[in-house]
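Peer 1: What follows is a predicted protein model with its sequence.
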Amino acid sequence: TNRPDKPEYFFTQVLNWCKDNHHFVSEIFQTSATRACISENIRLEFIRGLVQLTVEKLVNDIEEISFDDQLFAHLIDEVLSFEQDLKTMLAYPNNLPSAVSVITQPTYLAKWLLIEEKFTSDKMDIILSDENNPWHMLDPFGFTNITSPLTASFINEDDLELDELKIPKCADQFVRLLEAMKERYCILPQPAHQLRFLELQIELVDSFRRRLVQLYSVSYVNTFNVLNAIFYVTAVLREWGENVHYLHLHAALIGPNAEEINSVFDKIVTELDHWQNKLIKQLSSKYVDDIKAKSMTYRHDQWVTMPKQNANETYVLSQSAGEMFQVTIAILHDLESALSTKIFNSTLRRMAKKLDDYFIDSMIMNTKFSEGGSSQFKYDIARNLIPLFGQYSRRPGLLFKNLSDACTLLSLPFGTALLLHETLKTGNKIT
């Protein structure tokens, strides 16, 4: 049990002594101690004595072991496992001697943090490598039931259904990496030590963000995948911010008299949100420009000379609008298939706003319409464009409210339009 490369031998031996004898010690000696007016808990004193042996051995061995990173990392894992077993199986309290107190001495804690940082950085390289197939999308239902029940539980199902998620493999693995780190350091009794690891977690999130920025800037990964990764990591961090563990760390960081409770991840989440919104803006602009490029024929149609349609005839989509609507259908389908639902909805709203402004500024305000032309344009918008967006939105009319109002005004009967014009003119003079 005295091998530096196998500290688990000694820890297991001590743990077995504790488990095999603590009930015997309690039953046989506690009664005698009570009769002798000894108030101590004999069972805990027995365990404390064995743990003290562990602490003393660790103090003697750790300096030599610390020169080898691999042995030191293994020792850290075994100490944490030993401490966890003491607490869960033997109800060993935090205020008694602990092996953790040795590895959290300043010198060894700093080395532990360096090893943790190097390990996670190397792991991120593997996560984002081509061999790992990092942008493979996980099946949300298989993800919940089989692949990652732990990670799936991070998302509040009341706010987001699992089938609305598009989760890249690299984002899931990165979240697991952060969670594994948290599981290791949460056993530490001192909040100050835990805060050191929290800082490292936040640095890792920022490093992951910067790596995604770099991959995106060289066109190594497309916008869809980056948006899905950002959205998932941000959603998890928001959920973690409301977790008791992180709320306690926030209280330790800010103090008990803080006026409001915030998340320890607020700053990094804000940065991720900023980049996410920037990418959504770029994506919506790109696809709206593609739609605009196919709208030239429609914009320059013969609106001013278009005859009024017979009341018995059924309206059909303008022939000049066909290509524009085909492109719009394809774009919306591709976006809906590729993006997480909330990201898609944000992109949809931005595209609708841009198209709403485009049709008003570039078409209605710069085109003369005959009565037939205005009716045809209103039909194209009200019965084709808005229902097209209605496949992805519950209230598509609100997405094109200005355009809908403009179409209503454009198709007013001549007398009504003239009366409205005079009323507005008179109102302006009075004002």
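Peer 2: Yep, it's here.
Peer 1: Tell me how many other residues surround the spatially closest residue to residue 410 that is not a sequence neighbour.
Peer 2: Leaving aside its chain neighbours, residue 410 sits nearest to residue 374 (4.5 Å; criterion: CB to CB, 6 or more residues apart in numbering). The C-beta positions use only the backbone N, C-alpha and C, and glycine is treated the same way. Counted with other CB atoms under 10 Å, residues neighbouring residue 374 total 21.
Peer 1: For residue 374, give me its contacts.
Peer 2: Each residue near residue 374 by CB atoms under 8 Å, 6 or more residues apart in numbering is listed here: 303, 407, 410-411.
Peer 1: how about low-confidence regions in the stretch 301-431 of the chain?
Peer 2: Counting by pLDDT under 70, the ranges of the stretch 301-431 of the chain that qualify are 417, 421, 427-431.
Peer 1: Let me see the ranges of the helices in it.
Peer 2: 322-338, 341-358, 371-380, 386-390, 396-399, 401-410, 414-430 (DSSP state H, counting those that start in this stretch).
Peer 1: what about residue 47, neighbour count?
Peer 2: Look at residue 47: counted by other CB under 10 Å, it has 26 neighbours.
Peer 1: and the next element down the chain from the helix or strand hosting it?
Peer 2: Applying DSSP states H and E as the criterion places residue 47 in helix 42-65. Sequence-wise, the next helix or strand downstream of helix 42-65 (DSSP H and E) is helix 69-90.
Peer 1: Which neighbouring elements make contact with that following helix?
Peer 2: On a contact count with 3 or more CB pairs under 8 Å, 6 or more residues apart in numbering; DSSP states H and E, helix 69-90 meets helix 7-35, helix 42-65, helix 100-103, helix 106-127, helix 169-185.
Peer 1: In it, which residues are buried?
Peer 2: Neighbour counts over helix 69-90 (16 or more other CB atoms under 10 Å) mark 71-76, 78-83, 85-86, 90 as buried.
Peer 1: and it, what's its mean pLDDT?
Peer 2: In this model, helix 69-90 carries a mean pLDDT of 93.
Peer 1: what's that helix in contact with?
Peer 2: Residues contacting helix 69-90 (CB under 8 Å, 6+ apart): 4-5, 7-8, 11, 14-15, 18-19, 22, 47, 51, 54, 58, 62, 65-66, 92, 98-100, 102-103, 111-112, 115, 119, 184, 187.
Peer 1: So which of the contacts of residue 374 is the closest to residue 342?
Peer 2: residue 407 (29.9 Å; CB to CB).
Peer 1: Report the separation between residue 338 and residue 215.
Peer 2: Separation of residue 338 from residue 215 (CB to CB, to the nearest Å) stands at 17 Å.
Peer 1: swap that for residue 102, sorry
Peer 2: Taking CB to CB as the measure, residue 102 falls 41 Å from residue 215.
Peer 1: same deal with residue 180?
Peer 2: When residue 180 is compared with residue 215 (using CB to CB), they lie 23 Å apart.
Peer 1: before we move on, what about residue 92?
Peer 2: 46 Å.
Peer 1: if you count what's nearby, which of the two comes out ahead?
Peer 2: Set side by side, residue 92 and residue 215 show more neighbours around residue 92, with 20 against 17, by other CB under 10 Å.
Peer 1: could I get the helices of the stretch 301-431 of the chain as a markdown table with distance to residue 290?
Peer 2: Converted to a markdown table, these look like this (distance: least, CB to CB, whole Å):
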| stretch | distance to residue 290 |
| --- | --- |
| helix 322-338 | 6 |
| helix 341-358 | 10 |
| helix 371-380 | 19 |
| helix 386-390 | 15 |
| helix 396-399 | 18 |
| helix 401-410 | 19 |
| helix 414-430 | 35 |
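Peer 1: just so I know, which of the ones you listed lies nearest residue 288?
Peer 2: helix 341-358 (4.4 Å).
Peer 1: how about that closest one: buried residues?
Peer 2: In helix 341-358, counting by 16+ other CB under 10 Å, buried: 341, 343-344, 346-352, 354-356, 358.
Peer 1: Next: stretch 227-244.
Peer 2: Applying 16+ other CB under 10 Å to stretch 227-244 flags 227-241 as buried.
Peer 1: got it, and stretch 104-122?
Peer 2: Counting neighbours by 16+ other CB under 10 Å, stretch 104-122 gives 104, 108-109, 111-113, 116, 120 as buried.
Peer 1: Check stretch 255-275 too.
Peer 2: Burial within stretch 255-275, assessed by neighbour count using 16+ other CB under 10 Å, is assigned to 263-265, 268-269, 272, 275.
Peer 1: Show me which pair in those is furthest apart.
Peer 2: Pairwise distances across the buried residues of stretch 255-275 (CB to CB) peak at 19.7 Å, for the pair 264 and 275.
Peer 1: what's next to stretch 384-402, contact-wise?
Peer 2: Residues external to stretch 384-402 that are found in contact with it (CB under 8 Å, 6+ apart): 317, 321, 325, 328-329, 332, 336, 344-345, 348-349, 352-353, 355-357, 360, 381, 404.
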